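1. how would this look folded up:
(2 chains)
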Amino acid sequence: MFARVNLYYTVLRISIAERLVYRVDFALGTLMRFLPIVTQIFLWDAVFQGMSGGIKTIAGYNNHEMIAYYLLTMVGRAFSSMPGLASSIARDIRDGTIKKYLLQPIDMLSFILMSRLAHKLVYYAVAVFPFALVFWLCRDFFKGWPDAGTILAFIASLLMSFLLGFFMEATLGMIGFWFLEVSSLLFVYMLVSFFFSGQMFPPDIMPYPWPQVLKIIPLQYLAYFPTAVFLQKVTGAELAWGLAAEAFWVVFFFFSARTMFHYGLKRYSAYGG
Amino acid sequence: MSLIEITKLAKSYSVFQKKEGLGASVRGLFSRSYKTIEAVRGIDLTVEAGEFVAFLGPNGAGKTTTLKLLSGVLTPTTGTATVMGHVPWKRENAYRRRFALVMGQKNQLWWDLPAAESFRLHQHIYNIDPQEFQKTRDGLAEMLDVARLLSQPVRELSLGERMKMELIAALLHGPEVLFLDEPTIGLDVVAQHNIQTFLKQYQQDRKVTILLTSHYMKDVMALCRRVVIIAQGRIIYDGSLEGILDRFGGLKVISLLVADGQMPDDLSRYGEVLKIEPPRAKLRVERSKVTEVLAAILSRYAIDDVSVEDPPLEEIIAKVFSDNREEVVGGSS
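-> Got it, this is the predicted structure:
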């Protein structure tokens, strides 16, 4: 047991070291994430300015809430996005790098999870500063801090969104065992996920039955749900159900990734080199 | 019981056949034709502990497939194999802790980090005692003369240096069986020699069992007493290196140094003339006729010096490969 902990700590440590090698690429990647928010602020400002009538809201969001929504989805995505995870798994299958997990007494999914965690930790350590700056500059868009319970629920939803994002992408990457080229499939996933996770706009503003549909499928937990928790759009029993459903999806995709890996390996070792 | 036991091991793949041209590509979207490639066609082999065995064979003969089967990366179509009592493709951790596979064309180290980091990771993957780990690592690094490079990123190492690091990584956990797939591919003569010397020394010291595939006869001559020739997925020879000469080397080369530059003009009646560069000449003669031919030549002409040699091993093996290919191609037509 202790040896396992030690092993995964080493994986984490080495992945962090690897992440720090390309400093400029890393710094640019971190900063560029903040560009879209600027256009969003201008866009929604223009939309709300153009509206006539006294109460300027769209599906219960006023101008400030809308910007707050986008800022918070950025936080959600900082946890749930897994850039290049599925494609790197598919590539490892295709070019045979996956062999090392077959030859060595190590579990591939745990290994990749640890190195992903390392990527995230390094990212947070650096991104916390620009995030703090942006949120401070945009502080007027928020109504103030929510209560402690909401913050706890927000943190729980973020941590689960990390695991959910990881196991969903890992499941997708495992498709590489059956189809050697998965890049178009991943592109479709990226588009669908951008839309259905609520990154493009809050699902509430769409006509019936889209908001209901979106709230059933797991993609909403990648961005919309944590945001809605923080903005207190989901409270009480609905919040408890939401967290439970998110936990269910994490477990579901954990097993789906495992199952795909199990059957994929059988296929791989029976056919390919 | 032998350390490695292979019985009727066979592996076939089904491969998508893509014909040339756009039209064929479009048709390929709707109906695909597959061809079965029999990479290994039922081989039997036993290897005892401490042996150093070379697998020789042309590209696509099934050498690498055999090593992949034995290391558990592939599951065979039919047949059985055990290595140290384990069935490789069950991939039990107990087995995976006891062997290593090094592929000359694949990189297993972390590209952007110093090799020392990858070694540290191996220490934890294989759960090696810290003191033991340090001792083994330093010992190997010294033997391979790369101690000063341990903290340099792997991407900045030369191919030869990287191969040495790959070997260290593979040997840290003290595997009892080592599979080496073309470990010297692409290396210059000096680097090849260094790796050979190291492998020889390591095998003698540790008595590990090694299966090696290589295209370089020098590797094989330097390291292995036992040679297994695989062609078209079958074992066509299993024995000593010298035995190849007896079995396949039916010809000898006689070199003559003619006295007074009087080159005879009828040498071709004794055998195939390979080269005439007065005062020297080379003849290829059947092994059984060597004494007869030599006696005839020496009695007839004034010869200053004579030597009888086997043709180069590479030449013999190349001939074995091509003969075998003709046989199989001929057989299937």
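2. Is the nearest residue to B:Val146 once chain neighbours are set aside part of a helix or strand, or is it coil?
-> Using C-beta to C-beta, 6 or more residues apart in numbering or on different chains and skipping residues adjacent in sequence, the residue nearest B:Val146 is B:Lys164, 5.0 Å away. Just so you know, the C-beta spots here come from the backbone N, C-alpha and C atoms, and that holds for glycine as well. Assigned with DSSP: H, G, I helix; E, B strand; the rest coil, B:Lys164 falls in the helix class.
3. Can you read off the pLDDT for B:Lys164?
-> Here, the pLDDT recorded for B:Lys164 equals 93.
4. likewise B:Leu298?
-> Here, the pLDDT recorded for B:Leu298 equals 87.
5. was I right about it contacting B:Val306?
-> Yes. Proximity of B:Leu298 to B:Val306 meets the contact threshold set by C-beta atoms under 8 Å, at 7.3 Å.
6. What residues are recorded as beta-bridge partners of B:Arg16?
-> You called it Arg, but residue B:16 is Phe. B:Phe16 forms beta bridges with B:Tyr34, as assigned by DSSP bridges.
7. for the residue of the stretch 51-200 of chain A found nearest chain B, what are its contacts?
-> As assessed by C-beta to the nearest C-beta, chain B sits closest to A:Pro105 within the stretch 51-200 of chain A, at 4.1 Å. Residues near A:Pro105 by C-beta atoms under 8 Å, 6 or more residues apart in numbering or on different chains: B:93, B:96-97, B:125-126.
8. Now do the SS call for it.
-> Under three-state DSSP, the three-state class of A:Pro105 is coil.
9. and if you look at B:Pro58?
-> coil.
10. give me phi/psi at it?
-> phi -70, psi 170 (degrees, to the nearest 10).
11. my guess is it meets B:Val320, correct?
-> No. B:Pro58 is beyond contact range of B:Val320, at 9.6 Å (criterion: C-beta under 8 Å).
12. residues shared between the contacts of those two?
-> B:Ala231.
13. sorry, back to before: and the residue of the stretch 51-200 of chain A closest to chain B, how far from B:Ala141?
-> Separation of A:Pro105 from B:Ala141 (C-beta to C-beta, to the nearest Å): 23 Å.
14. Just to check, A:Thr73 is in contact with A:Ala223?
-> Yes. A:Thr73 is in contact with A:Ala223 according to C-beta under 8 Å; the separation is 4.3 Å.
15. Pull up the overlap in contacts between the two.
-> Both A:Thr73 and A:Ala223 are contacted by A:197-199, under the criterion C-beta under 8 Å, 6+ apart.
16. Run a quick neighbour tally on the residue nearest to B:Val146.
-> Residues contacting B:Lys164 under the criterion other C-beta atoms under 10 Å in any protein chain shown number 26.
17. which one is residue 118 nearest to, not counting chain neighbours?
-> Going with chain A. Sequence neighbours aside, A:Ser15 is the residue nearest to A:Ala118 in space, at 3.4 Å (criterion: C-beta to C-beta, 6+ apart).
18. That was the other one, I meant chain B.
-> Distances taken as C-beta to C-beta, 6+ apart place B:Leu109 nearest to B:Ser118, at 4.4 Å, with adjacent residues excluded.
19. backbone phi and psi for the one you found, please?
-> In terms of degrees, to the nearest 10, the main-chain angles of B:Leu109 are phi -90, psi 160.
20. what's next to the helix or strand where B:Val26 lies, contact-wise?
-> B:Val26 belongs to helix B:22-30 when elements are defined using DSSP states H and E. Here helix B:22-30 makes contact (C-beta under 8 Å, 6+ apart) with B:16, B:18-19.
21. So which bits of that helix are buried?
-> By 16 or more other C-beta atoms under 10 Å in any protein chain shown, helix B:22-30 has no buried positions at all.
22. In CSV, list the C-alpha atoms belonging to it.
-> The C-alpha trace of helix B:22-30 is given here as CSV (Å, rounded to 0.1, in the frame of the first residue of the first chain):
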residue,chain,number,x,y,z
LEU,B,22,-8.5,7.2,-55.3
GLY,B,23,-11.2,4.9,-56.8
ALA,B,24,-9.9,2.0,-54.7
SER,B,25,-9.9,4.2,-51.7
VAL,B,26,-13.6,5.1,-52.2
ARG,B,27,-14.5,1.5,-52.7
GLY,B,28,-12.6,0.7,-49.6
LEU,B,29,-15.1,2.8,-47.6
PHE,B,30,-17.8,0.3,-48.4
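23. residues contacting residue 43?
-> Using chain A. Here A:Leu43 is in contact with no residues (criterion: C-beta under 8 Å, 6+ apart).
24. not what I meant, chain B
-> So B:Ile43 contacts B:6, B:8-10, B:62, B:66, B:79, B:230, B:233-235 (C-beta under 8 Å, 6+ apart).
25. how about the residues of chain A that lie near chain B?
-> Within reach of chain B by C-beta under 8 Å from any C-beta of the partner chain, chain A has these residues: A:3, A:6-7, A:10-11, A:14, A:17-18, A:21-22, A:96-97, A:99-100, A:102-106, A:266, A:269-273.
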